[in-house]
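K.L.:
what follows is a predicted protein model with its sequence.
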Amino acid sequence: MQDREAPVARTGMVAIIGRPNVGKSTLLNALVGERVSITSRRPQTTRERVLGVLTRGRRPAATQFIFVDTPGLQRGSRSLLAQRMNQSARAALAEVDVVVLVIDAHGWREDDEAVLELLPPDRPNIILALNKTDTLDRYEDVLPVLQDSARRYPFAAFVPVSAERRRQVDDLLAEIAKLLPEGEPLFDEDQYTDRNVRFLAAELVREKAFRLLGDELPFGIAVTIERWDETDSGVSIVAGLLVEREGHKGIVIGAQGAKLREIGRLARADISALLGKPVHLETWVRVRRGWTDDARALKSLGYE
Ligand code: GDP
């Protein structure tokens, strides 16, 4: 028999879903803090992308919340592609331990219903967050919305919050924690310091390159951090963008260097936000034959 007082560790994946503009990113930031709420990859072999990790308490009673992205959440479109994407969203939602559905505290809209339809019926792990309570005339105005919500789905909990004002965000965390399965933390608590921050910085550069080059980049690209000089006033970083062939170099650099400059500009802003200090970022495109083999090796280890 288990001792009632025995501390247990809880760890699990949490997805925050809801229609655009309802406040999901703001809520994620309120929950995990700006510092860690950028995209990174989980070193396990799941398809979810980790958006942020929050660890509360200490071992042996630590609670670790791993917030993940649900790819392909597409609403309102009836196309085959959208259907496929919804299928993958459903599959992803079935894999997470807790789903937080976010609606506006003013009440349900058609797009919210469409998101709700993606959820499997009668699941015990869905929490409803009613966001933007700060915009209600009176706080009590949320009461009829709660009643309406309870009729729509057997939610495990209803939590009115204001993500922007950081109100009742702890209540939401407490409700999530109750639904997390027992388990040891998957991420180190210092996951986001030093070496890892470098990794995240490289990821940010890579993400911008992908976004800006899109279809022009039929080949892969890797990013390495070549230099990292940190002082109290800022960080000076040199990042190398590795391509496989000489011919790919020009594509990444762009006319008069425009593409590379833009990649650097966007990445610099994000890295600076991540570190909370000014960043000087230099980017160089380098031809490094054979790196894709390394990439393949990494992929086989579960890194992508
Ligand atoms: P997402 O598209 O669901 O990720 O929504 P965002 O997090 O980007 O938020 C959409 C807009 O709603 C932004 O302008 C936020 O500042 C605003 N917002 C988010 N949460 C709150 C809140 O609690 N109160 C108020 N007043 N605005 C909020």
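P.N.:
That came through fine.
K.L.:
who in the stretch 151-300 of the chain is up against the ligand?
P.N.:
Residues of the stretch 151-300 of the chain that fall close to the ligand, judged by CB under 6 Å from any ligand atom: 162-164. C-beta here means a position set from N, CA and C on the backbone, and glycine is covered the same way.
K.L.:
so which of those wins on neighbours?
P.N.:
With neighbours defined as other CB atoms under 10 Å, the most crowded of those is residue 163; it has 26 neighbours.
K.L.:
can you give me the pLDDT of it?
P.N.:
Note for residue 163: predicted pLDDT of 95.
K.L.:
what does residue 76 give?
P.N.:
At residue 76, the model reports a pLDDT of 49.
K.L.:
also residue 240?
P.N.:
For residue 240, the predicted pLDDT is 90.
K.L.:
and whichever strand or helix holds it, how far out from the chain's middle?
P.N.:
Using DSSP states H and E, the element containing residue 240 is strand 235-243. Counting by CA atoms, centre = their mean, to the nearest Å, strand 235-243 is centred 23 Å from the centre of its parent chain.
K.L.:
likewise stretch 60-68?
P.N.:
On CA atoms, centre = their mean, the centre of stretch 60-68 falls 15 Å from the chain's centre.
K.L.:
now the stretch 101-250 of the chain against the ligand: closest residue?
P.N.:
residue 164 (3.4 Å; CB to the nearest ligand atom).
K.L.:
wasn't that residue part of a strand?
P.N.:
No. Judged by DSSP: H, G, I helix; E, B strand; the rest coil, residue 164 forms no part of a strand; its state is coil.
K.L.:
my guess is it meets residue 134, correct?
P.N.:
Yes. Residue 164 is in contact with residue 134 according to CB atoms under 8 Å; the separation is 6.6 Å.
K.L.:
may I see the domains of the protein written out as residue ranges?
P.N.:
Using automatic domain parsing, the domain parsing of the chain gives 10-179, 197-300.
K.L.:
the longest one: end-to-end distance?
P.N.:
The distance separating the two terminal residues of domain 10-179, taken as CA to CA, to the nearest Å, comes to 9 Å.
K.L.:
try stretch 248-268
P.N.:
From its first residue to its last, stretch 248-268 covers 23 Å (CA to CA).
K.L.:
quick check: buried residues in it?
P.N.:
248, 251-254, 259-260, 263-264, 266-268 (16 or more other CB atoms under 10 Å).
K.L.:
any chance of those residues in CSV, plus secondary structure and pLDDT?
P.N.:
As requested, those are arranged in CSV below (DSSP: H, G, I helix; E, B strand; the rest coil; pLDDT from 0 to 100):
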residue, secondary structure, pLDDT
248, helix, 87
251, helix, 90
252, helix, 92
253, helix, 93
254, coil, 91
259, helix, 93
260, helix, 96
263, helix, 96
264, helix, 97
266, helix, 95
267, helix, 95
268, helix, 96
